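[1] With the sequence up front, the predicted model follows.
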Amino acid sequence: MPTSFTQSTELYINDIDLDVVARNLILLLIGLVVEDDIEAIECMIHVWYSAFLRASDMALLRNRIRPMIEDVCRKIQGKFSNIFLGKTWKLSGHTCRVELTKESWRKILLYLDNVQRLSAEQAHQIRSAITHAPERVDYRDRHLLELTPAHRVCKQQFRDDGLLLPFGASRLDFTIPNP
């Protein structure tokens, strides 16, 4: 019997939808590059669920995650578009390998682009047009009917502002539309 062994865990994430792949990659990289667990978890929750981000979340995406993807895009610039191109990062004692097409790498970079495409007000109006669509009122009411009164209030708050926060928590810092 061996006295020691190295445990290796491989996780494969695959999805036909690039939006899902991009989100999952960004979440993984946040978890790997941010040293403070609380900061990483809060940022990951808001990137995944919230319609708006704090300036600190956006700074993390721009200053820590974007350069990693940008570096890959720079290195694969002269490569063929239709083949899978991989990148391996060794971060915090973990290894993360990602294989995507050149076009997919480029599109992920666009999620992290510095250009803010929508104002907070525009993003809120677009989201509100969907979450408060008059033709869906019956579906919303039927869903709320099954909830307890306290859960109805929380569900409506999330429908109104799109922020995954404890009820009553300040929403003032969430001013940047989630790309």
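    That came through, no problem.
[2] Could you pull out the helices in the chain for me?
    18-33, 37-49, 55-60, 66-75, 102-111, 120-131, 137-145, 149-161 (DSSP state H).
[3] Can you lay out those helices as a markdown table showing distance to Phe84 and mean neighbour count?
    Every residue, glycine included, has its C-beta placed from N, CA and C. Shown next, in a markdown table, are the helices of the chain (distance: least, C-beta to C-beta, whole Å; neighbours: other C-beta atoms under 10 Å):
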| stretch | distance to Phe84 | mean neighbour count |
| --- | --- | --- |
| helix 18-33 | 12 | 18 |
| helix 37-49 | 25 | 16 |
| helix 55-60 | 28 | 17 |
| helix 66-75 | 12 | 16 |
| helix 102-111 | 9 | 17 |
| helix 120-131 | 33 | 14 |
| helix 137-145 | 40 | 11 |
| helix 149-161 | 38 | 14 |
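[4] so which of these gets nearest Leu91?
    Evaluated over the helices of the chain, closeness to Leu91 peaks at helix 18-33, with 4.1 Å, by C-beta to C-beta.
[5] quick one: contacts of that closest one?
    13-15, 40, 43-44, 47-48, 60-61, 64-65, 68, 89, 91-92, 94, 96, 98, 100, 104, 107-108, 111-112 (C-beta atoms under 8 Å, 6 or more residues apart in numbering).
[6] repeat that for 7 Å
    13, 15, 40, 43-44, 47-48, 60, 64-65, 68, 91-92, 94, 96, 98, 104, 107-108, 111 (C-beta atoms under 7 Å, 6 or more residues apart in numbering).
[7] among the helices of the chain, which is nearest Asp173?
    helix 55-60 (7.1 Å).
[8] for the closest one, packing partners?
    With contacts taken as 3 or more C-beta pairs under 7 Å, 6 or more residues apart in numbering; DSSP states H and E, helix 55-60 sits against helix 37-49.
[9] Enumerate the positions of stretch 166-179 that are buried.
    174, 176-179 (16 or more other C-beta atoms under 10 Å).
[10] Now do the same contact list for Ala169.
    Per C-beta under 7 Å, 6+ apart, neighbours of Ala169: none.
[11] hmm, back to that, quick one, which of the helices of the chain gets closest to Leu85.
    helix 102-111 (6.0 Å).
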